[in-house]
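[1] Structure of the sequence below:
(2 chains)
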2 protein chains.
Amino acid sequence: MKTHPRCAPCLLSRVQFEAELSTKDVTLQKKAIIAGIEVLRKYMVDGAPATHLSTKIHREAYKILGDIDPYFEKKKESNAYALKLLPFARDFVMEKDHFRRAVLVSIIGNSFDFGVLGFDADKATAKDMMKKQFHHGLDVDDSDKIRIMLENVVYLADNCGEIIFDTLLFEEIKKLGGKVTLVVRGAPILNDVTMTELIELGIDKKVDSVLTTGSNAIGVCLKEAPPELVDALKSASLIISKGMANYETMSEYDFKPIAYLLKTKCDSVAEALELSKNMNVARLEL
Amino acid sequence: MKTHPRCAPCLLSRVQFEAELSTKDVTLQKKAIIAGIEVLRKYMVDGAPATHLSTKIHREAYKILGDIDPYFEKKKESNAYALKLLPFARDFVMEKDHFRRAVLVSIIGNSFDFGVLGFDADKATAKDMMKKQFHHGLDVDDSDKIRIMLENVVYLADNCGEIIFDTLLFEEIKKLGGKVTLVVRGAPILNDVTMTELIELGIDKKVDSVLTTGSNAIGVCLKEAPPELVDALKSASLIISKGMANYETMSEYDFKPIAYLLKTKCDSVAEALELSKNMNVARLEL
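    The predicted structure is shown next:
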């Protein structure tokens, strides 16, 4: 996915968000913002993939802030909160139509994303929001086709919080005889899952193997990925790509078949998918 | 009011908003955003008043877009919509406690501001929103002190839409024996009122005299203001300053007494006033 002009204010807004998470020192926040402006000025060129820009801007901000993980607390909070909601989500999945519902729940989990412009999980109403989304269902539903391709799945994880709901989908994949190779970020970036949280949550034991993207790049940056990941992507019966950042990068490569499971949380991703904002999407590309 | 780092993403987001209002040509939108980034890079210096930066960034965007009034349609829409709500607001004011309620209504009108990050009037629920705000009342209420200083008021207008609700306050000021010199922007900027809309709506006939700020600067820029405005500000029994942009500029000068009537729609303005976000403020400074 290419950069849209509206990515610029959104990226800068996330830099400010993480600067405020990291420090109360407004002078330091300002340095991070000015560094962000400089990155936008240098790299917002025609045809650049959106994640080239976002990786650069966040790395620069983290460097200025002297903070390798500004979302540390937020990640803990969203995992703890998602764990509380998990039994409720599990009941919904177990009632009927398990696989499709597990797909839906994993996409609803993708809404629990702190820091996207205009979105912050309102904890008091999260259960109501989930109920509404259960009722809303999938706007793009390729789950029946996805269901028969699960032999050897490479699962590209996205955020903390969301990963808790993903576990219900891992269970369904395994019940259907499939294997899951779970891929998390190689180092902290935004509120994305890394090996640290995975082990803390014991989720590494719920899948067949775990790989990392090899770096803290947004999404999957092949230049920085270990060869095992490239091999896994090539030999998978299906890649399941969770969330917008993974979509933004994987749509630049040619690994197929791939299933994008995401909530269209911004206009740019929605437009790239030729869909509208706020849709629950399970799209298979062969 | 000085620039806060969080002003940068917000300003850039407004540039994108007006670029989308002005054109569907994404290449042109991008040029406006890149020009905005350049303005931020050059002028986001320590201690700069926020409106220096915002005036520069919007002027640059308008120049790139080749559009002297990207909000032309939005302004018409918000005036038409506010006119529909006016009888409802008038009933509330006329019921009791006229002056205080007219002050409150003019501040609620300040919420009808298109283009501030994260806010867009939801038309279906605007009446409900007004009711809630009637109930909420004034968070800072100097209206009793303001009420006895109305002999010769200079009233700095803010947005279209809002100006319709201001007319109820003009009526109350006149009933109390006061005179109103209304000040609008000298040329189109954002969704602010100019002489064009004022005459179109016949509001020039509801006040004693009308002046302009002399330019399309955000708020009031004295360097660009006609001498009549400076004289009026100096000799007023009270300046009533509506909205955030007028606050951002007038708080840099030393004209007193001044009453700031506004909704704290962003953290930066709220912090500068030592208040919280989303408060209804009628603060007198002597």
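[2] quick one: A:Phe99 is in a helix?
    Yes. With DSSP: H, G, I helix; E, B strand; the rest coil as the criterion, A:Phe99 is located in a helix.
[3] how many other residues sit next to it?
    For A:Phe99, the count of nearby residues is 18 (other Cβ atoms under 10 Å in any protein chain shown). C-beta coordinates here come from the backbone N, C-alpha and C atoms, glycine included.
[4] I'd guessed it sits against A:Arg147; true?
    Yes. With contact defined as Cβ atoms under 8 Å, A:Phe99 reaches A:Arg147; the gap is 5.2 Å.
[5] Tell me how far A:Asp69 lies from A:Asn79.
    Between A:Asp69 and A:Asn79 the distance is 14 Å, computed by Cβ to Cβ, to the nearest Å.
[6] check which helix or strand covers A:Lys74.
    Assessed by DSSP states H and E, A:Lys74 sits inside helix A:72-95.
[7] With A:Glu38 instead?
    With DSSP H and E as criterion, A:Glu38 is part of helix A:26-43.
[8] go on, A:Glu274?
    Using DSSP H and E, A:Glu274 maps to neither a helix nor a strand.
[9] Convert the C-alpha atoms of the host helix or strand of A:Val153 to CSV, please.
    Assigned by DSSP H and E, A:Val153 belongs to strand A:152-156. C-alpha atoms of strand A:152-156 as CSV (Å, rounded to 0.1, in the frame of the first residue of the first chain):
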residue,chain,number,x,y,z
ASN,A,152,0.3,-25.1,7.3
VAL,A,153,-0.6,-21.6,8.4
VAL,A,154,1.9,-18.7,8.8
TYR,A,155,0.0,-16.3,11.1
LEU,A,156,1.3,-12.7,11.1
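[10] Low-confidence ranges, the stretch 101-250 of chain A, go.
    A:113-125 (pLDDT under 70).
[11] which residues do A:Phe99 and A:Arg147 both contact?
    Shared contacts of A:Phe99 and A:Arg147, defined by Cβ atoms under 8 Å, 6 or more residues apart in numbering or on different chains, comprise A:Leu176.
[12] buried ones in the helix holding A:Glu38?
    A:28-37, A:39-40 (16 or more other Cβ atoms under 10 Å in any protein chain shown).
[13] repeat for stretch A:193-206
    A:193-194, A:197-198, A:201, A:203.
[14] Rebuild the residues you listed as TSV, extending it with secondary structure.
    Below are the buried residues of stretch A:193-206 laid out as TSV (three-state DSSP):
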residue	secondary structure
A:Val193	coil
A:Thr194	strand
A:Glu197	helix
A:Leu198	helix
A:Leu201	helix
A:Ile203	helix
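[15] ok, residues contacting the helix or strand hosting A:Phe170?
    In this assignment (DSSP H and E), A:Phe170 forms part of helix A:162-175. With contacts defined as Cβ under 8 Å, 6+ apart, helix A:162-175 is touched by A:79, A:82-83, A:85-86, A:89-90, A:93, A:98-99, A:102-103, A:105-106, A:108-110, A:112-113, A:150, A:153, A:155, A:157, A:179-180, A:182, A:193, A:197-198, A:201, A:203, A:206-207, A:240, A:242-243.
[16] just so I have it, where are all the strands in the stretch 151-286 of chain A?
    A:152-156, A:179-184, A:209-212, A:238-242, A:258-263, A:280-285 (DSSP state E, counting those that start in this stretch).
[17] now for those, which one comes closest to A:Lys75?
    For A:Lys75, the closest of those is strand A:179-184, at 12.0 Å, according to Cβ to Cβ.
[18] The closest one pairs with which strands, parallel or anti?
    Applying DSSP bridges, strand A:179-184 is found paired with strand A:152-156 (parallel), strand A:209-212 (parallel).
[19] deepest of those strands, which one?
    Across the strands paired with strand A:179-184, averaging neighbours per residue (mean count of other Cβ atoms under 10 Å in any protein chain shown) puts strand A:152-156 on top, at a mean of 24.
[20] sorry, back to before: rebuild the strands of the stretch 151-286 of chain A as CSV, extending it with distance to B:Leu233.
    Listed next are the strands of the stretch 151-286 of chain A as CSV, based on distance: least, Cβ to Cβ, whole Å:
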stretch, distance to B:Leu233
strand A:152-156, 60
strand A:179-184, 60
strand A:209-212, 62
strand A:238-242, 58
strand A:258-263, 51
strand A:280-285, 55
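[21] Nearest to B:Gln16, out of the ones you listed?
    strand A:258-263 (21.7 Å).
[22] Between strand A:280-285 and that closest one, find me the angle.
    Here strand A:258-263 runs at 170 degrees with respect to strand A:280-285, directions being taken by axes from the mean of the first three to the mean of the last three Cα atoms, to 10 degrees.
[23] got the angle for strand A:258-263 vs helix A:162-175?
    Orientation check (the same axes, to 10 degrees): strand A:258-263 against helix A:162-175 gives 140 degrees.
[24] Can I get strand A:258-263 as PDB, trimmed to CA atoms?
    Presented in PDB, the C-alpha positions along strand A:258-263 are these (Å, rounded to 0.1, in the frame of the first residue of the first chain):
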ATOM      1  CA  ILE A 258      -2.900 -14.900   1.800                       C
ATOM      2  CA  ALA A 259      -5.900 -14.100   3.900                       C
ATOM      3  CA  TYR A 260      -6.100 -10.500   5.300                       C
ATOM      4  CA  LEU A 261      -8.100 -10.400   8.500                       C
ATOM      5  CA  LEU A 262      -8.500  -6.800   9.600                       C
ATOM      6  CA  LYS A 263     -10.800  -3.900  10.600                       C
END
